[in-house]
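Asker: one predicted model, sequence on top.
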Amino acid sequence: MPDAATPVSLVKTLTPLQLARRQQQNRLERPDLQLSAALIADRHWANGRGWTGPLPKYDGSADSGTNVARVTAEIERTFISRNLPLNVVQRHVNGIAGREPLWSVIPKRKIPKDQKPKADEQTLIDEFTDALSGWWDNSGVWLSIQKALTTALWSERGTLRLFVPRSKLEANVTDGAGKSGLGVPGGLTLADALGYISVQAPSWDAAGVVRDIEGRVSSAYFHYKDALGMPFWELQERLPGGLTRVTPASTGSDTDPSDEYPVPDLLLFEVKLDPLITESVRRLALFADKTMTMGSRNIDLGGFVERTILNAQMPGAWKDDPTAPGGKRFTPTTYNTGSGVTNFLNGISIMAKDETTGKLVPTGNFSTPSVQYKDPSGWGVFGETFDEVREAIFDEAKQLHVLMTGDGRVNGVSRIQAVQDFISSLEPTRMALEQLVRWVINTVLRLGLHFIGRRSEYDAFHATAQARMSAVQPTPVEVETALKLHEAGVIAEETMLGRIGVEDVAAERARRAAEGITPTLALTILETAPAWVGLKALQLAFPALGIQDADVTAQREADLGGAAPVNQADLSSLDTGLDNAPNP
């Protein structure tokens, strides 16, 4: 037994580089991810894995090998595919990330509902927001976020990486410790400092995070190649005190050059989602490809009329041939086919054995020729099978509403239920997207403020994010129903606007108020409201009519039989005058 005072290591400690290599290797060797990657990249043949139909057997002989290669090459040449896996992934991403999210920077302290941030807080918030808005528009971060979500939805994990390109850094920059080298120069504004930060969404097999046995992120890696094709590893490690160490080109040595940044959550974020491309979807996708390929092959084989001619002599002539029985041999000529062609065929001469010579000789009788046709095979069986497979894939991805849009056999309740299933399936992605956007904003602002020596200013703030769904566009029937229900007073205006696709009701109301009385609204008011109200609406909507306030007043007096009420301003002045009057 070892000495109790001597610590015993039960788990071999691996370096961050060893952990990164092991994790990437495990991911690369997964056959399900390899096939999913090929399907998403529209390489459905996948070196033969994409074909699930029959193939000739190889028995070890040279002829068998040649036959297998020939048939396989012919199948690959005519292989037809539809990228249904990418279709369902993109629809899911567009449903929750088709529109940029709403984000903001707010103080961490709790602010009562009836209060606003302090003046100094609002000044910083405005600076942070302006700088980050410019970076957001110029860095391409939104496209990278969409790509990271797409990768996560088919491969289970997607990553987003922030980095400072060496090409952007300037030489001979002195840091706080007095060291000189490449770096971000001083004297920058926050907006200028953010311009040094770039963003990318690495491919599914190039980056990831390493977690400890409790599931907490301890480090991250990014595998890349330089311009000469040399492979390198970028490693990121969490350090005490909310720091992140980034080693751009790690060799596994403690002496590798590295940089430290005051960000607690690394510069690489991993999105983890349940993949839409499951084993069922992969098998269904291959089934769909086989159906399309067989349908195409069937058109090649059965799309042309097949003729079978029985008991007929091909066109030709008998020519002398000493080697042939009787000294003559029949030599066929061209048999023409196609529209407008007429052929004359004779029956084959019926032969009989000559008892004297023992040879076959013509009897003088001829067979009755006939032509049989085989109609081309229809596409229907393949088309119907493909439709069933596509429906099964959409059902797996909770996207059946797509197939119900133009299907008159489906009632409105079924489509509403299908739409709700799709929206519910977006909820995990919504939470992941909002978490990712918050990380981007917090990390980018911390980095930018660090570059200009103001890192501590962000300690009192944090980011908020709200995804904006664009999942389903309502049908004309649904819009008409919502408008009628609102007109009848059954549902509120906010509910009605939500049903017809308006997401931000408050913003829509503000835009309507700013828009004023439109010509369409004025004509509606004219039909339903009193004459003087309609005249006022026409005045506002059609200035060219030259309707004056006096005209409206005169019409009102004619309608109501009295003068217009006193304006509020006049009432206020009257009250003021009474207050100042002496007591009688």
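Answerer: Cool, got the structure. Residues are numbered from 1 along each chain as shown.
Asker: so how far is Val93 from Val419?
Answerer: Distance of Val419 to Val93, given as Cβ to Cβ, to the nearest Å: 17 Å. For the C-beta atoms, the positions are set from N, CA and C on the backbone; glycine is no exception.
Asker: can you check Phe330 too?
Answerer: On the measure of Cβ to Cβ, Phe330 and Val93 end up 70 Å apart.
Asker: so which of those two has more stuff around it?
Answerer: A side-by-side neighbour count of Phe330 and Val93, using other Cβ atoms under 10 Å, places Val93 first with 22 against 14.
Asker: ok, now which ones touch that one?
Answerer: By Cβ atoms under 8 Å, 6 or more residues apart in numbering, the contact set of Val93 is Gln146, Leu149, Thr150, Leu153, Thr429.
Asker: distance of Val281 from Arg390?
Answerer: 11 Å.
Asker: typo on my end, it should be Ala152
Answerer: In this view, Ala152 and Arg390 are 24 Å apart by Cβ to Cβ.
Asker: those helices in the stretch 301-450 of the chain, which residues are they?
Answerer: Remark: helices assigned in the stretch 301-450 of the chain by DSSP state H, counting those that start in this stretch are 380-396, 401-404, 412-425, 427-451.
Asker: tell me the strands beside the helix or strand that the last one is followed by, with direction?
Answerer: Going down the chain from helix 427-451, the next helix or strand is strand 461-468, by DSSP states H and E. Strands that pair with strand 461-468, judged by DSSP bridges, come out as strand 99-107 (antiparallel).
Asker: helices or strands up against the very next helix or strand once past the strand it pairs with?
Answerer: Downstream of strand 99-107, the next assigned helix or strand under DSSP H and E is helix 119-139. Judged by 3 or more Cβ pairs under 8 Å, 6 or more residues apart in numbering; DSSP states H and E, the packing partners of helix 119-139 are strand 99-107, helix 190-194, helix 427-451, strand 461-468.
Asker: closest one to Leu19 among the ones you listed?
Answerer: With Cβ to Cβ, the closest approach to Leu19 among the helices and strands packed on helix 119-139 belongs to helix 427-451: 21.9 Å.
Asker: now do the buried residues in that closest one.
Answerer: Buried residues in helix 427-451, counted by 16 or more other Cβ atoms under 10 Å: 429-430, 432-434, 436-451.
Asker: what angle do that helix and strand 99-107 make?
Answerer: Put simply, helix 427-451 runs at 50 degrees to strand 99-107, going by axes from the mean of the first three to the mean of the last three Cα atoms, to 10 degrees.
Asker: I'd like the mean pLDDT over helix 427-451, please.
Answerer: Per-region confidence: helix 427-451 scores 96 on mean pLDDT.
Asker: equivalent analysis for stretch 202-209, please.
Answerer: Rounded mean pLDDT across stretch 202-209 is 95.
Asker: starting at the chain centroid, how far to that stretch?
Answerer: How far stretch 202-209 lies from its chain's middle: 18 Å, per Cα atoms, centre = their mean, to the nearest Å.
Asker: give me the more crowded residue out of Val281 and Arg390.
Answerer: Neighbour comparison, Val281 and Arg390: the larger count goes to Val281, with 23 against 20 (by other Cβ under 10 Å).
Asker: so what's Tyr196 up against?
Answerer: Val164, Lys168, Leu169, Val184, Phe451 are the contacts of Tyr196 under Cβ under 8 Å, 6+ apart.
Asker: do you know how far Thr368 is from Pro332?
Answerer: Distance, Thr368 to Pro332, by Cβ to Cβ: 20 Å.
Asker: low-scoring stretches of the stretch 101-250 of the chain, by residue?
Answerer: Within the stretch 101-250 of the chain, the stretches with pLDDT under 70 are 175-178.
Asker: let's see it at 80
Answerer: 171-182 (pLDDT under 80).
Asker: need the pLDDT of the spatially most central residue of the chain.
Answerer: With distances taken as Cα atoms, centre = their mean, the chain has Gln90 as the residue nearest its mean C-alpha position (2.3 Å). At Gln90, the model reports a pLDDT of 96.
Asker: show me the helices in the stretch 151-300 of the chain, by range?
Answerer: Under DSSP H, counting those that start in this stretch, the stretch 151-300 of the chain gives helices at 190-194, 279-302.
Asker: and the angle from the longest one to helix 380-396?
Answerer: Our comparison of helix 279-302 with helix 380-396, counting by the same axes, to 10 degrees, yields an angle of 170 degrees.
Asker: report the buried residues of helix 279-302.
Answerer: For helix 279-302, using 16+ other Cβ under 10 Å, the buried residues are 281-282, 284-298.
Asker: about what we covered before: can you lay out the helices and strands packed on helix 119-139 as a markdown table showing distance to Pro117?
Answerer: As requested, the helices and strands packed on helix 119-139 are arranged in a markdown table below (distance: least, Cβ to Cβ, whole Å):
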| stretch | distance to Pro117 |
| --- | --- |
| strand 99-107 | 6 |
| helix 190-194 | 18 |
| helix 427-451 | 16 |
| strand 461-468 | 10 |
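Asker: residue contacts, the residue lying closest to the residue nearest to the centre of the chain once chain neighbours are set aside?
Answerer: Counting by Cβ to Cβ, 6 or more residues apart in numbering, Gln90 lies nearest to Thr150, which is 7.1 Å off, once chain neighbours are set aside. Contact analysis of Thr150 by Cβ under 8 Å, 6+ apart lists Val89, Gln90, Val93, Gly158.
Asker: return the member of those residues nearest to Arg499.
Answerer: Val93 (23.9 Å).
Asker: measure the closest one to Arg49 for me?
Answerer: In this view, Val93 and Arg49 are 26 Å apart by Cβ to Cβ.
Asker: ditto for Pro56
Answerer: Distance of Pro56 to Arg49, computed by Cβ to Cβ: 17 Å.
Asker: give me the more crowded residue out of those two.
Answerer: Applying other Cβ under 10 Å to Pro56 and Arg49 shows that Arg49 carries more neighbours, namely 15 against 12.
Asker: now for the closest residue to the more buried one other than its chain neighbours, how many residues are close by?
Answerer: The spatially closest residue to Arg49, leaving aside those adjacent along the chain, is Leu35, at 6.1 Å (Cβ to Cβ, 6+ apart). Leu35 has 21 neighbours, counted by other Cβ under 10 Å.
Asker: what of Pro165?
Answerer: Using other Cβ under 10 Å, Pro165 has 9 other residues around it.
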